[in-house]
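Trainee: My questions are about this predicted structure, shown below with the sequence.
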Amino acid sequence: NAGVTQTPKFRILKIGQSMTLQCTQDMNHNYMYWYRQDPGMGLKLIYYSVGAGITDKGEVPNGYNVSRSTTEDFPLRLELAAPSQTSVYFCASMRAAVPPGELFFGEGSRLTVL
Amino acid sequence: AQSVTQLGSHVSVSEGALVLLRCNYSSSVPPYLFWYVQYPNQGLQLLLKYTTGATLVKGINGFEAEFKKSETSFHLTKPSAHMSDAAEYFCAVRDDKIIFGKGTRLHILP
């Protein structure tokens, strides 16, 4: 039972480069989320999705894009990487919204932009 | 808009002592509330959650939390700290989105 799988685990980017963080879940969850975690700042919601074909902005969406073409996959795209996007990124999924189930997290992707 | 405030970015307690981690929230609708724990270099794991019903919620590893609507609080407690409890703890609230607090790092002193 893989749960939520994120790739890559580590990546170094140069300023201005683009990349996609991959997230896949095998639990048939409708709800998926992308968070970034910075020291002392907790987790900030970037984007979320309530089902295939539906996405919405979170607290800090600027500089990112997402898509949700299937239930399983929720990739996060960084366009024109900036040093401010250096962070640890977590993907999470949840079965139901009402009542809310448990958020299942991936192991995280550590991104450094130089 | 919903928000979560965790009082104290670092809390130290002696092994065997009471653990109290504070969380206050704001939400425009009756909230769903959560506590998650994060061990080093790992994702977050659910400790406990409040949805409806009993306001005292028991979770894993001996933790519990009480939902107090009048105080808009959801503090996390454990009667006796163990060295293995050293980790970062996050309070979260959900109405339309799941929003996390900034976290409290719990240190256990021998």
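Mentor: Good, I have the coordinates. Numbers count the residues shown, from 1 in each chain, chains lettered A, B, ... in the order given.

Trainee: Could you list the single helix or strand in chain A with the lowest mean pLDDT?
Mentor: The weakest-scoring helix or strand in chain A, judged by mean pLDDT, DSSP states H and E, is strand A:104-105 (a mean of 91).

Trainee: Partner strands of the longest strand seen in chain A and their direction?
Mentor: The residue-count maximum for a strand in chain A (DSSP state E) belongs to strand A:42-51. Paired neighbours of strand A:42-51 in the sheet (DSSP bridges): strand A:31-38 (antiparallel), strand A:54-57 (antiparallel).

Trainee: For those, please prepare JSON lines with the additional fields mean pLDDT and mean neighbour count.
Mentor: All C-beta spots, glycine's among them, are computed from the backbone N, C-alpha and C. Shown next, in JSON lines, are the strands paired with strand A:42-51 (pLDDT from 0 to 100; neighbours: other Cβ atoms under 10 Å in any protein chain shown):
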{"stretch": "strand A:31-38", "mean pLDDT": "94", "mean neighbour count": "23"}
{"stretch": "strand A:54-57", "mean pLDDT": "95", "mean neighbour count": "14"}
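
Trainee: what are the bridge partners for residue A:65, then?
Mentor: Counting by DSSP bridges, the residues bridging with residue A:65 are residue A:77.

Trainee: what about it, neighbour count?
Mentor: Number of residues near residue A:65 (other Cβ atoms under 10 Å in any protein chain shown) recorded here: 15.

Trainee: same deal with residue A:19?
Mentor: 16.

Trainee: just residue B:76 next, same as before
Mentor: What residue B:76 shows, counting by other Cβ under 10 Å, is a neighbour count of 24.

Trainee: That one is in what secondary structure piece?
Mentor: Residue B:76 is part of strand B:73-78 when elements are defined by DSSP states H and E.

Trainee: what about that strand and chain A, any contact?
Mentor: No. On the criterion Cβ under 8 Å from any Cβ of the partner chain, strand B:73-78 is out of touch with chain A, staying 14.1 Å away.

Trainee: Following that strand in sequence, what is the next regular element?
Mentor: strand B:87-94.

Trainee: in its sheet, what does that following strand sit against?
Mentor: Strand B:87-94 is paired, per DSSP bridges, with strand B:32-38 (antiparallel), strand B:98-100 (antiparallel), strand B:104-109 (antiparallel).

Trainee: Flag whichever of those has the least confidence on average.
Mentor: The minimum mean pLDDT among the strands paired with strand B:87-94 belongs to strand B:98-100 (a mean of 88).

Trainee: residues in contact with that one?
Mentor: Applying Cβ atoms under 8 Å, 6 or more residues apart in numbering or on different chains, the set of residues contacting strand B:98-100 from outside is A:33, A:35, A:42-45, A:59, A:94, A:100, A:103, B:2-4, B:34, B:36, B:90-93.
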